[in-house]
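Trainee: Okay, predicted coordinates and the sequence, questions at the end:
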Amino acid sequence: MKVYTLTNAWSDSNNLADGFCYGVFSTAEKARQAMKKAVEETKEYWIECEKVEDEDEIEITEEEYSCTLESCDEANFEIFKIEKIEFDKIFDD
């Protein structure tokens, strides 16, 4: 069995922080859709809290299983990553 996790980490004015798990998904496509939504929400948040003045100040680097947002002044970045986890067997505790 395979599942896909979506997690993130970020740096805000040179303070690196661990992120959190956005969820566990049954397919890579569902995880990618969740990542796309999380990226859009992060862009909106950066503009609302004035980390950047507008969307043009955010550089986005997209790959199949990751996405990085970085402010043009390089003071802020956020990394989203999808990881595939394979289980041979599910255990009930």
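Mentor: Cool, got the structure. Numbers count the residues shown, from 1 in each chain.
Trainee: all strands of the chain, in order?
Mentor: 2-12, 15-25, 58-63, 66-71, 76-86 (DSSP state E).
Trainee: Out of those, the one nearest residue 44 is which?
Mentor: Closest to residue 44 of these is strand 58-63 (Cβ to Cβ; 10.5 Å). Every C-beta, even on glycine, is put in place using the N, C-alpha and C of the backbone.
Trainee: Direction included, what does the closest one pair against?
Mentor: If you go by DSSP bridges, strand 58-63 pairs up with strand 66-71 (antiparallel).
Trainee: now what about the partner strand, what contacts it?
Mentor: 35, 39, 42-43, 46, 51-52, 57-61, 76-82 (Cβ atoms under 8 Å, 6 or more residues apart in numbering).
Trainee: List buried residues within the residues you listed.
Mentor: When the contacts of strand 66-71 are checked for burial by 16 or more other Cβ atoms under 10 Å, the buried set is 35, 39, 42-43, 46, 51-52, 58, 76-82.
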